[in-house]
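Student: Fold the following and give me the result.
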Amino acid sequence: MPTTSDSSAGFDLTGDASQPDAYSTGILPSQELKALVLRKEIFALEPIADDQFQPASLDLRLGPIAYRVRASFLPGKGTVKAKLDEFAMHEMDITAGGVLEKGCVYIIPLLEGLDLRHRTSAMGNPKSSTGRLDIFTRLITDQGTAFDQVKEQYSGMLYAEVSPRTFSVLVRKGSRLSQLRLRRGKPIASDGFMKRLQQEHGLVQLPDDQPAGGASVEIVNGVPVRVDLVGRQSGGVIGYKARSHAGLVDIDRIGHYEVADYWEPVHAPRRGGLILDPAEFYILASQEAVRVPPGFAAEMIAYDTLVGEFRVHYAGFFDPGFGHDAAGGEGSRAVLEVRSYEVPFVLEHGQLVGRLAYERLTATPAILYGQGVKSSYQGQGIKLSKHFKAVA
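Tutor: Numbering: from 1, shown residues only. Below is the predicted model:
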């Protein structure tokens, strides 16, 4: 294991880490993530800050060097460093800031690493704001054979593959593009389990003009999410399409940019559906309100060929408390980051565009999304990333 600083120095550990688990398997909540930092199963080259902890995930930070590479890769039986020696074109010091150009692929060593014990694995995902900027970001590990997956008992540093698709972005050491969830054991999230959750908690709520209740939601391979192409709650605006030649976005500037400089509104089609152009990136919203009960977490299945040749979500993690009235989020919808593949594709109002997989936590988190932690997207409708000024 690399030599690290005292990575527990940046946050408060007043009793939460000692709470007993309610279940032996499941996603680890915030208090257990803090306990893993104390046990050095999560470590870092610089102290981990308290605001990196989310209800069921940990924000990951970029290190000081970014490598421009010729192609994306997986290390397989080797290390990320060995692959960088083969594929890196140049390295860039981003300590004080560096531009990641759209259309290019970068590998950036992160400040965080893992020394996992038996039965503990992890998975990565882009943060919500990262996906809404169309930044394709995946987690890589040494000897990794799959993106965003960290095997049990992994010991080593973590790396991010970053490829901006629509906007060139300015990042620096400490910028947060991705997040990490840890799982104990291998719990099975079956359709039967999610049907019971739907009946008890109303995981997705259909619009007022459609039948409500758990029985009306058909759960097959996850909880269905359908697209809203009417926009009754937003005056007929159903989303936004990114401008092709917009300016640079500084990933750490919040509420700074004018929406009109980067996006154009998409209005409800007068007839027929919305034609997705493969060259364009869209922000749309779900027809349903989405709810994640406090003791559970959800993940959007990013790409499902059964529903069409398009991707609807880069950032798949939905935290405990998202859309829940206990955390002030009643009525929150899922924002869909949509890009068609290869050919134009027609979306119709109410069309199935994705599925949510729900999983139990080992214990209810000490903090909920939107409660005691800064949450940019609680209660959202059609919501651009937090970098843009609010739409009037």
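
Student: Could you pull up the residues touching the nearest residue to P344 once chain neighbours are set aside?
Tutor: Distances taken as Cβ to Cβ, 6 or more residues apart in numbering put I275 closest to P344, at 5.4 Å, once the chain neighbours are dropped. Every C-beta, even on glycine, is put in place using the N, C-alpha and C of the backbone. The contact partners of I275, by Cβ atoms under 8 Å, 6 or more residues apart in numbering, come to P344, F345, V346, L347.

Student: what about I275, which SS state?
Tutor: Under DSSP: H, G, I helix; E, B strand; the rest coil, I275 falls in the strand class.

Student: what pairs with it across the strands?
Tutor: Beta-bridge pairing of I275 under DSSP bridges involves V346.

Student: swap in the one 10 residues further on?
Tutor: Beta-bridge partners for A285, by DSSP bridges, are V335.

Student: Could you pick out the longest helix of the chain?
Tutor: Looking across the chain with DSSP state H, the single longest helix is helix 191-201.

Student: gap between the helix or strand following it and the chain center?
Tutor: Per DSSP states H and E, helix 191-201 leads on to strand 204-205 as the next helix or strand towards the C-terminus. From the chain centre to the centre of strand 204-205 is a distance of 20 Å (Cα atoms, centre = their mean, to the nearest Å).

Student: Show residues contacting the next helix or strand after strand 204-205.
Tutor: The helix or strand immediately downstream of strand 204-205 is strand 223-226, counting by DSSP H and E. Strand 223-226 is contacted by residues 194, 198, 203-204, 217-218, 286-288, 290, 298, 300, 312, 334, 336, 350-358 when judged by Cβ under 8 Å, 6+ apart.

Student: pretty sure V346 contacts D277?
Tutor: No. V346 lies out of contact with D277 (Cβ atoms under 8 Å); the separation is 11.1 Å.

Student: Any buried residues in the longest helix of the chain, and which?
Tutor: Neighbour counts over helix 191-201 (16 or more other Cβ atoms under 10 Å) mark F193, M194, K195, L197, Q198, H201 as buried.

Student: okay, the contacts of I275 in JSON lines with pLDDT and distance to G63 next?
Tutor: Output for those, formatted as JSON lines (pLDDT from 0 to 100; distance: Cβ to Cβ, whole Å):
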{"residue": "P344", "pLDDT": "91", "distance to G63": "40"}
{"residue": "F345", "pLDDT": "90", "distance to G63": "38"}
{"residue": "V346", "pLDDT": "92", "distance to G63": "43"}
{"residue": "L347", "pLDDT": "92", "distance to G63": "39"}
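
Student: which of those residues has the most neighbours?
Tutor: L347 (23 neighbours; other Cβ atoms under 10 Å).

Student: and it, how far is that from G222?
Tutor: To G222, L347 is 19 Å away according to Cβ to Cβ, to the nearest Å.

Student: Which residue ranges of this protein form helices?
Tutor: Using DSSP H, helices in the chain cover 30-38, 80-87, 128-132, 191-201, 259-262.

Student: Would you confirm that A146 contacts G76?
Tutor: No. Using Cβ under 8 Å, A146 makes no contact with G76, being 10.5 Å away.

Student: Most tightly packed of the helices of the chain?
Tutor: helix 128-132 (a mean of 24; mean count of other Cβ atoms under 10 Å).

Student: my read: L284 touches S234, true?
Tutor: No. The criterion here is Cβ under 8 Å, and L284 misses it with S234 at 11.2 Å.

Student: Now for those two: what residues contact both?
Tutor: Shared contacts of L284 and S234 (Cβ under 8 Å, 6+ apart): I382.

Student: More neighbours: which of the two?
Tutor: A count of neighbours by other Cβ under 10 Å puts L284 above the other of L284 and S234, at 25 against 17.

Student: What's the separation between that one and V80?
Tutor: Taken as Cβ to Cβ, the span from L284 to V80 is 35 Å.

Student: what's the answer for R243, then?
Tutor: 34 Å.

Student: ok, now which ones touch H118?
Tutor: H118 touches E152, Q153, counting by Cβ under 8 Å, 6+ apart.

Student: if I look at it, how far off is T141?
Tutor: 17 Å.

Student: domain assignment for this protein?
Tutor: Domain assignment for the chain by automatic domain parsing gives 16-184, 191-360.

Student: List just the one of those domains that sits closest to I382.
Tutor: domain 191-360 (4.6 Å; Cβ to Cβ).

Student: Figure out how far that closest one is from the centre of its chain.
Tutor: 13 Å.

Student: Just the terminal-to-terminal distance for that domain.
Tutor: 13 Å (Cα to Cα, to the nearest Å).

Student: Same question for stretch 148-163.
Tutor: 15 Å.

Student: for stretch 318-335, same thing?
Tutor: 11 Å.

Student: So for that stretch, what gets flagged as buried?
Tutor: Quick answer for stretch 318-335 (16+ other Cβ under 10 Å): 318-324, 327-329, 332-335.

Student: how much space between F167 and I135?
Tutor: From F167 to I135 the distance is 8 Å (Cβ to Cβ).

Student: who's more crowded, these two?
Tutor: Using other Cβ under 10 Å, the more surrounded residue of F167 and I135 is I135, with 27 against 24.

Student: Excluding chain neighbours, give the residue nearest to that one in space.
Tutor: Counting by Cβ to Cβ, 6+ apart, the residue nearest I135 is P164, at 5.0 Å.

Student: Would you agree the one you found is in contact with C104?
Tutor: Yes. Between P164 and C104 there is a contact under Cβ under 8 Å: 7.4 Å.

Student: Between these two, tell me which one has more neighbours.
Tutor: P164 (24 against 15).

Student: Run through the stretch 201-350 of the chain and note the low-pLDDT ranges.
Tutor: Residue ranges of the stretch 201-350 of the chain with pLDDT under 70: 207-215, 302-310, 313-315.

Student: And stretch 151-167, end to end?
Tutor: By Cα to Cα, one end of stretch 151-167 lies 32 Å from the other end.

Student: Flag every buried residue along that stretch.
Tutor: So stretch 151-167, judged by 16+ other Cβ under 10 Å, has buried residues Y154, G156, M157, L158, Y159, A160, E161, V162, S163, P164, T166, F167.
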